[in-house]
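Asks: Quick one: sequence plus predicted model below, questions after.
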Amino acid sequence: MRTLRLTEVHRGAECLGASCSIDDLRFHVTVWYEDVDLHALAREHGDELLERLAVHVALFQLNAVASLRPDAIALGPYARHLTSELVTLWETVFARVWAQWRWEHQLPEYMPVFVDRTHGITAPPPARVPEGPIELLAFSGGGKDSLVAAKLLERAGLPFATLGYSHSIYGNPVHQHALLDRLGAATARTRAERQWVIDDILDAPVAQLRPSFGVRSIHAAETPASVFAALPLALARGYRGLVVGHEASANTGNLVWEATGEEVNHQWGKGWEAEQLLDRYVREHLLENVRYFSVLQPVHDEVIFELLSRDAALAPLTHSCNLRKPWCGRCAKCAYVWLQMAAHLPPPILEATFGANLGEHPDNERWFRELLGLAEHTPFECVGGVPEARLALALAGARGALGPRLAALAGEVGPVDVAKVARALVELGTVHGMPPHVAVGVMPQLADAATSAAKRLGVLG
């Protein structure tokens, strides 16, 4: 039986590290924190709480190693933290986030099992974060959703800090933080928190050099991992609200897997189900007064780009590419954002952001076909669904932004009834996890943007 073993969880003053093994291989991940003394936190709140947080960080950072198809997972000396609730959470995240990976490998039933006994293990009651001067910590990945979310908080008069984190898979961390800082500086943030994640599993050529594992790719659950990695920071500063900009489009899957009947959704970790699950788990088992929620959950991209258009001059400061930051210009994320900006923002802003017409590059035809519903499934990326892409295509075409290649794809798509397609995309949803005092400042702004978009697109007279 192949077992993935958690061999060490290490706490330095400024970092949490975790090591694991599978067969003769060893992998390591470290999360670094700026201006945080984890030893001082342990003295104030107890070693037990800090170790419990560190084990959660380790489990969700190292779950990428489960892409190597272990039969079992063993926590060894850290098994005393493995409650049945933690097993359920981990397995749920793995089942839903790794649905794409299982589909790609045709492993419908795959799920590693925890060999450590959980019967009788009860976690202590959740701790309470001492209230700091700033309640809200807004996660910033650097994209348009991060910018729009920050501006919603700003205009609602809600003070916030930003959390910019770099990851080794995205290249030079100095470059990543420079991009994050230039965007954050354009907001009313009160403090800039910085985090570095160094992870050698995602950089390792193990899938290519160890064919005996039978895997073609390594998958990771970045959003759930980032939530747990932020908890020591919340404890240190007194943040009680972890704010993200995850939109309603994240709730739509890429395909339905006939073998299992399940929806495969690359973005499940950003969706409403995951948001509820993680928020409830953190409050019930780790830090009782820390909330995790999205300020964009009630709206789709059509409303988000309406909001972005009000800060159009800041759009060139954004970056969303996962291959080469700020933009590689040759991936599904770049193609989608370019198309939406072509549909909604002034041409000089589009040019300043991308510097090229991505719709005419032959390497992007595959991505546009997938985005527009002309392929087996939509791209396995954090992008909108087919209705969002087709609406953007029609709007960009009406503005004369389509070259011959995209015009040909528009011909394959056929006529788009803008008002009909837009109707569902400009609706203001009522489901969200915002605390009342946040919702009262944010929801009217979302409602105003939804109404403006509906009028502009002919949904409302």
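Replies: Received, thanks.
Asks: Can you list the residue ranges for strands in the chain?
Replies: 3-11, 15-22, 25-33, 72-74, 113-114, 136-140, 160-167, 192-199, 241-244, 255-256, 263-264, 291-294 (DSSP state E).
Asks: The third one pairs with which strands?
Replies: Each strand that strand 25-33 pairs with, and the sense of that pairing, follows from DSSP bridges: strand 15-22 (antiparallel), strand 192-199 (antiparallel).
Asks: now the first one: how far from the chain's centre is it?
Replies: Spelled out, it's strand 15-22. 22 Å (Cα atoms, centre = their mean, to the nearest Å).
Asks: again with the last one
Replies: On the basis of Cα atoms, centre = their mean, strand 192-199 is displaced by 15 Å from the centre of the chain it belongs to.
Asks: can you pull the pLDDT of Thr118?
Replies: The model reports Thr118 with a pLDDT of 76.
Asks: His81 is in contact with that one, correct?
Replies: No: if you go by Cβ atoms under 8 Å, Thr118 and His81 don't touch, sitting 10.1 Å apart. Yep, even glycine has a C-beta here, placed from its N, CA and C like the rest.
Asks: Those two: who's more crowded?
Replies: Ranked by neighbour count (other Cβ atoms under 10 Å), Thr118 and His81 place His81 first, with 21 against 15.
Asks: quick one: contacts for that one?
Replies: By Cβ atoms under 8 Å, 6 or more residues apart in numbering, His81 lies in contact with 51-52, 55-56, 75, 121, 123.
Asks: Make JSON lines from these and add distance to Thr378 and pLDDT to it.
Replies: Shown next, in JSON lines, are the contacts of His81 (distance: Cβ to Cβ, whole Å; pLDDT from 0 to 100):
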{"residue": "Glu51", "distance to Thr378": "41", "pLDDT": "96"}
{"residue": "Arg52", "distance to Thr378": "38", "pLDDT": "97"}
{"residue": "Val55", "distance to Thr378": "36", "pLDDT": "97"}
{"residue": "His56", "distance to Thr378": "32", "pLDDT": "97"}
{"residue": "Leu75", "distance to Thr378": "36", "pLDDT": "96"}
{"residue": "Ile121", "distance to Thr378": "41", "pLDDT": "85"}
{"residue": "Ala123", "distance to Thr378": "39", "pLDDT": "86"}
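Asks: Neighbour-wise, give me the winner out of these.
Replies: His56 (25 neighbours).
Asks: looking at the strands of the chain, which is closest to Val421?
Replies: Of all these, strand 255-256 sits nearest to Val421, with 20.5 Å by Cβ to Cβ.
Asks: Run me through the strand neighbours of the closest one, direction for each.
Replies: strand 263-264 (antiparallel).
Asks: now the partner strand: mean pLDDT?
Replies: On average, strand 263-264 scores 96.
Asks: Could you check how far Asn265 is from Val243?
Replies: According to Cβ to Cβ, to the nearest Å, Asn265 stands 22 Å off from Val243.
Asks: Compare these two (neighbour count), which wins?
Replies: Between Asn265 and Val243, counting by other Cβ under 10 Å, Val243 is the more crowded of the two (30 against 23).
Asks: The closest residue in space to the more buried one that isn't next to it in sequence: neighbour count?
Replies: Of all residues not flanking Val243 in the chain, Ala138 sits nearest, at 4.4 Å (Cβ to Cβ, 6 or more residues apart in numbering). The tally of other residues near Ala138 (other Cβ under 10 Å) stands at 27.
Asks: Looking at this structure, which helix is longest?
Replies: Identified as the longest helix of the chain according to DSSP state H is helix 436-456.
Asks: Could I get the buried residue list for that one?
Replies: 438-439, 441-443, 445-446, 449-454, 456 (16 or more other Cβ atoms under 10 Å).
Asks: The residue nearest to Val243: what's it in contact with?
Replies: Contacts of Ala138 (Cβ under 8 Å, 6+ apart): 146, 149-150, 153, 160-163, 189, 243-245.
Asks: and if you look at Ser168?
Replies: Ser168 neighbours (Cβ under 8 Å, 6+ apart): 197-200, 202-203.
Asks: And those residues, which of them are buried?
Replies: Buried among the contacts of Ser168 (16+ other Cβ under 10 Å): 197-199, 202.
Asks: Reformat those residues as JSON lines; add distance to Trp103 and pLDDT.
Replies: Below are these laid out as JSON lines (distance: Cβ to Cβ, whole Å; pLDDT from 0 to 100):
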{"residue": "Val197", "distance to Trp103": "26", "pLDDT": "96"}
{"residue": "Ile198", "distance to Trp103": "29", "pLDDT": "95"}
{"residue": "Asp199", "distance to Trp103": "24", "pLDDT": "94"}
{"residue": "Leu202", "distance to Trp103": "20", "pLDDT": "87"}
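Asks: Go through those residues and say which is closest to Glu14.
Replies: Ile198 (12.5 Å).
Asks: Looking at strand pairing, list the partners for that closest one.
Replies: Under the criterion used (DSSP bridges), Ile198 bridges to Thr30.
Asks: shouldn't it be in contact with Ala18?
Replies: No: when contacts are counted by Cβ under 8 Å, Ile198 is not listed as touching Ala18 (11.2 Å).
Asks: Overlap in contacts, those two.
Replies: Common neighbours of Ile198 and Ala18 (Cβ under 8 Å, 6+ apart) are 29-30.
Asks: quick revisit: ok, so of the contacts of His81, who is nearest Ala315?
Replies: Closest to Ala315, out of all of these and judged by Cβ to Cβ, is His56, at 35.8 Å.
Asks: so what's that closest one closest to, chain neighbours aside?
Replies: Per Cβ to Cβ, 6+ apart, closest to His56 is Phe228, 4.6 Å.
Asks: Run through the residues that contact that neighbour.
Replies: Phe228 touches 53, 56-57, 60-61, counting by Cβ under 8 Å, 6+ apart.
Asks: All set now, cheers.
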